[in-house]
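Can you look at this prediction? I've put the sequence above it.
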Amino acid sequence: MTNTAHRLIAGIFGVCLLAAPLSACGSSHPETTAAEQSATASASASPSEKEYKAIGTKADGAYAVNTTNKTGKDITAFAIKDSTDSDYGDNMLADGDVFAADEERTVYYGEADSGKSASTDSTTAGAPASPSASDGGLADADLNAEYDVKVTFEGGGEQEIHAFPIANGKEASIELADDSEGGFAYIEYTDATSGNAVNTHNSEKQAYDAAKKAADDSAAKKAADDAAAQQAAQEAAQQKAAEEAAAQQQAQQQQEQQQAQQQAQQQAQQQAQQQAQQQAQQQNTAPNTTQNQQPAAGGDANNGCLDGGIDLN
């Protein structure tokens with residue numbers, strides 16, 4: 001074999017030796033990339049993507065907001081309505097399901113729950129108005145937002161929550177005010193558009209105070225109306241009693257007059273009878289008296305001498 005052939009074989013062998021490591025590196029690169037991608041995806045998973053138990057129906061186009069029950073009470077009924085409606089929808093919790101205290105769930109609301117299409121446009125969807133600054137650095141929500149929520153607690157009692165952030169909120173929590181304030185419910189949430197923290201405590205307090213004042217005024221008016229009606233009834237009863245007493249007195253007077261007239265008539269009759277009897281007696285006794293007064297025969301009735309007696313003179 002010539003030197004040229006040896007050099008050619010050596011060159012081919014060297015090329016093969018160089019190609020083998022490169023091929024091995026090329027085959028290991030996709031495995032490393034897949035592992036790195038899996039680790040990166042696992043590490044970058046957002047807590048908000050965690051699956052929570054649902055309230056409502058999870059469907060395409062439905063609004064969704066993670067909500068925590070911080071009322072300290074278990075919730076047995078959860079209903080939503082458009083603020084322009086007068087009645088709430090059905091209970092969105094399944095039979096026997098309880099939204100426990102401190103539990104976090106995802107509230108879904110849209111076409112399947114309301115019969116309305118859930119638009120992603122926060123303006124047309126009735127998102128809360130732009131919040132203004134309030135105490136504690138939290139924005140105070142406008143209660144004229146589109147959705148209201150009513151929750152019923154285990155053991156009784158219910159609360160209404162206005163301006164629930166179905167369309168434009170995230171990480172909401174349902175809270176209860178102290179009993180000293182009235183124990184009304186309110187919410188805290190993060191506005192999904194602005195990122196501002198929103199707290200409806202002040203707005204709910206104003207709504208609670210207004211409702212309480214209206215209820216107190218209504219109760220006071222009812223009490224006044226009841227008192228006036230009772231007073232009128234008492235006066236009517238007194239008037240009726242007075243009229244009945246007057247009528248009874250008049251009837252008694254008439255009866256007394258009739259009795260007096262009867263007595264007078266009886267007395268007059270008795271007097272007439274007595275007079276008649278006296279006259280009759282007088283008429284019966286008058287002849288006897290005359291006869292007794294006549295002198296005896298032959299005698300002087302005046303001097304008692306016998307008629308024809310001897311004259312002593």
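Arrived safely.

Isn't residue 175 up against residue 184?
No. Residue 175 is not in contact with residue 184 according to CB atoms under 8 Å; the separation is 9.6 Å. Where C-beta positions appear, they are placed from N, C-alpha and C, glycine not excepted.

can you pull the contacts of residue 208?
The neighbourhood of residue 208, defined by CB atoms under 8 Å, 6 or more residues apart in numbering, consists of 181, 182, 184.

Secondary structure of residue 214: a helix, I assume?
Yes. Assigned with DSSP: H, G, I helix; E, B strand; the rest coil, residue 214 falls within a helix.

any idea how far it lies from residue 222?
Computed with CB to CB, to the nearest Å, the distance linking residue 214 and residue 222 is 12 Å.

Quick check: neighbours shared by these two?
Taking CB under 8 Å, 6+ apart as the contact rule, residue 214 and residue 222 touch no residue in common.

What segments of the stretch 201-313 of the chain are helices?
In chain order, the stretch 201-313 of the chain shows helices spanning 201-292, with DSSP state H, counting those that start in this stretch as the criterion.

can you list the weak-confidence ranges in it?
Applying pLDDT under 70 to the stretch 201-313 of the chain flags residues 286-313.

Likewise for the stretch 51-200 of the chain?
For the stretch 51-200 of the chain, the stretches with pLDDT under 70 are 111-145.

residue ranges for the strands of it, please.
Residue ranges of the strands in the stretch 51-200 of the chain, as given by DSSP state E, counting those that start in this stretch, are 54-55, 63-69, 75-82, 104-109, 132-133, 139-140, 147-153, 158-161, 169-176, 185-191, 197-199.

Out of these, the one nearest residue 232 is which?
Shortest distance between residue 232 and the strands of the stretch 51-200 of the chain, using CB to CB, is found for strand 158-161: 37.8 Å.

follow-up on the earlier one: in helices, which of the contacts of residue 208 fall?
When the contacts of residue 208 are checked against helices (DSSP state H), there are no matches.

With respect to residue 158, which of those is nearest?
Proximity of the contacts of residue 208 to residue 158, judged by CB to CB, is greatest for residue 184, which lies at 11.4 Å.

could you list every residue that touches that closest one?
With contact set as CB under 8 Å, 6+ apart, residue 184 has these partners: 159, 176, 177, 204, 205, 207, 208.

Excluding chain neighbours, what is closest to it?
With CB to CB, 6 or more residues apart in numbering as the criterion, residue 184 has its nearest non-adjacent residue at 4.3 Å, and that residue is residue 208.

separation between that neighbour and residue 171?
Residue 208 sits 24 Å away from residue 171, taking CB to CB as the criterion.

Please verify my assumption that residue 165 contacts residue 172.
Yes. Using CB under 8 Å, residue 165 is in contact with residue 172, at 5.7 Å.

Look at the two and report which has more neighbours.
Regarding residue 165 and residue 172, a neighbour count based on other CB atoms under 10 Å identifies residue 165 as having more, with 26 against 23.
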